[in-house]
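Chemist: fold the following.
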Amino acid sequence: ETKYSIKLFPFGGACVMGEDEEFDSDDPKAFNNKSVWARMAVVVAGPVFNFILAFILAVIVIAIAGYDDPYVVTVIDGSPAAEAGLMPGDRLIEMNGKRVHLSREVSLETNLHPEEELSLVYERTDEAGNVTVQECTVTPYLSNAYQVGVYLGETGAEITDFTENSPAEQAGAQVGDRIVSINGAAITQSGEVSREVQKSEGAEMEIRLQRGDEEVTIRVTPTASSGYYSGFEMDSNLRTRGNVLEVLEYSFYEVKYWVVTTFRTIGMLVTGQVSFNDLSGPVGIVDTIGTAYEQSKESGAKYVWLNMLNMSILLSANLGVMNLLPIPALDGGRLLFFIIEAVRGKRISEKKEAMVHLIGFALLMVLMVAVLFNDIRKIFF
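Modeler: Numbering: from 1, shown residues only. This next block holds a predicted model:
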């Protein structure tokens, strides 16, 4: 008998298939009496539908807001990118032999491996509308990079948050301010902020801010940090509207981006590039969603919904990946046992499998408690 229920709060769900019941049930419909392929299909269905949900949400977001085409928005004069011939307006199509579809893919690679030489293939459109495909190699060099400690949102150069000890915040900037100009140079998009900050070479800058109905002027001295410097930037806030086929195509790329990012983040956690402090559980996720909501609501309901949908895409793709990992007690752990069973032609001892899943579940609970404590600590301390 199958029982269905609708809960008061429609968050999450559960399918109890009887997989933890006695293995010696006489019911032919019992989960454990089904073929190994049927059981594998059931276990895989959950993560697969996480990816399907992420895709559907991506279709909605991209149909409304467009996708972040990989256009170069900023090239700093005298930088490795400028010396290689890269120009603002160039559209990247390959990086180090890999196809590029979204500007965030380029930003992710350059941020994770800032010291690596970049082999780029790009399209350049001239004034007559002719498109040519060109190649260049950008070799980063170690240099001082300057920053004023601001995070910028999706509406031009609006400040959404500050880094710790942010020079801009100390100078009087506030969340919600929109950067209008830096040293007299007009700012219309986020990539232009970095360009003007780098041009300052650490000298004090005059920044004009739009704060509600008034204009505020502050003076900020950028701080320098040593790092590898390429001298070009993408801007994921610049969106391209596509037709129906492009919306479907780029929705797939959107989900792929988050799946790949999740796998790479797990790898970085294993290798120590990401610390335990960077992990977030339910409390941290809710806090992040609340922050995104507060930062978006001043821009209007449209941006609130788009940001909430973007968060849902990230969470759905992340959940699909995590559930497929071969961790005992998760879908991926059960799937691993089914694969071994299919290869061996017979089941692993039910008691041994149950013990492995029990140990895995216990370790997951310990991890959950640790992450929960970490979330609370980050919020209140």
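
Chemist: what are the ranges of the strands in the stretch 201-350 of the chain?
Modeler: Per DSSP state E, counting those that start in this stretch, the stretch 201-350 of the chain carries strands over the ranges 205-211, 214-220, 223-229, 232-234.

Chemist: could you give the mean pLDDT of the first one?
Modeler: Think strand 205-211. For strand 205-211, mean pLDDT rounds to 91.

Chemist: and the angle from that strand to strand 214-220?
Modeler: Angle of strand 205-211 versus strand 214-220, following axes from the mean of the first three to the mean of the last three C-alpha atoms, to 10 degrees, is 150 degrees.

Chemist: who does strand 205-211 pair up with?
Modeler: strand 178-182 (antiparallel), strand 214-220 (antiparallel) (DSSP bridges).

Chemist: residues of the longest one that come out buried?
Modeler: If I follow you right, that is strand 214-220. Neighbour-count burial for strand 214-220 flags 218, 220 (criterion: 16 or more other C-beta atoms under 10 Å). The way it works is simple: take the backbone N, C-alpha and C, and place the C-beta from them, glycine included.

Chemist: what does it contact?
Modeler: Here strand 214-220 makes contact (C-beta atoms under 8 Å, 6 or more residues apart in numbering) with 148, 167-168, 171-173, 177, 180, 204-210.

Chemist: mind doing that once more with 10 Å?
Modeler: Residues outside strand 214-220 that contact it (C-beta atoms under 10 Å, 6 or more residues apart in numbering): 148-150, 166-174, 177-178, 180-182, 197, 200, 204-210.

Chemist: re earlier: right, and the strands paired with strand 205-211 - which one's nearest Glu249?
Modeler: strand 178-182 (32.7 Å; C-beta to C-beta).

Chemist: who does the helix or strand just after the closest one touch, helix- and strand-wise?
Modeler: The helix or strand immediately downstream of strand 178-182 is strand 185-186, counting by DSSP states H and E. Other elements packing on strand 185-186 under the criterion 3 or more C-beta pairs under 10 Å, 6 or more residues apart in numbering; DSSP states H and E are helix 190-200.

Chemist: how about stretch 115-123 as CSV, C-alpha atoms only?
Modeler: Extracted C-alpha coordinates of stretch 115-123, given in CSV (Å, rounded to 0.1, in the frame of the first residue of the first chain):
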residue,chain,number,x,y,z
GLU,A,115,49.0,31.7,-11.6
GLU,A,116,48.3,29.5,-14.6
GLU,A,117,48.9,30.6,-18.2
LEU,A,118,45.7,31.0,-20.1
SER,A,119,45.3,29.9,-23.7
LEU,A,120,42.2,31.8,-25.0
VAL,A,121,40.2,31.6,-28.2
TYR,A,122,37.8,34.4,-28.7
GLU,A,123,35.5,36.1,-31.2
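
Chemist: can you mark which positions in it are buried?
Modeler: Those would be 118, 120-122, for stretch 115-123 by 16+ other C-beta under 10 Å.

Chemist: out of those, which are inside strands?
Modeler: Residues of these located in strands (DSSP state E): 118, 120-122.

Chemist: tabulate those residues (JSON lines), appending pLDDT.
Modeler: As requested, those are arranged in JSON lines below (pLDDT from 0 to 100):
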{"residue": "Leu118", "pLDDT": "91"}
{"residue": "Leu120", "pLDDT": "94"}
{"residue": "Val121", "pLDDT": "95"}
{"residue": "Tyr122", "pLDDT": "95"}
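
Chemist: JSON lines for the residues you listed, including distance to Ile379?
Modeler: Formatted as JSON lines, those follow (distance: C-beta to C-beta, whole Å):
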{"residue": "Leu118", "distance to Ile379": "38"}
{"residue": "Leu120", "distance to Ile379": "41"}
{"residue": "Val121", "distance to Ile379": "45"}
{"residue": "Tyr122", "distance to Ile379": "43"}
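
Chemist: quick check: of these, which lies closest to Lys29?
Modeler: After measuring those against Lys29 - C-beta to C-beta - the closest member comes out as Val121, at 55.4 Å.

Chemist: these two touch, right, that closest one and Glu135?
Modeler: Yes: Val121 is within contact range of Glu135, at 5.2 Å (criterion: C-beta atoms under 10 Å).

Chemist: what residues are shared contacts of the two?
Modeler: Common contacts of Val121 and Glu135 (C-beta under 10 Å, 6+ apart): Glu94.

Chemist: what ranges does this structure have for its helices?
Modeler: 36-65, 80-83, 103-112, 167-170, 190-200, 244-271, 282-296, 301-324, 331-344, 350-380 (DSSP state H).
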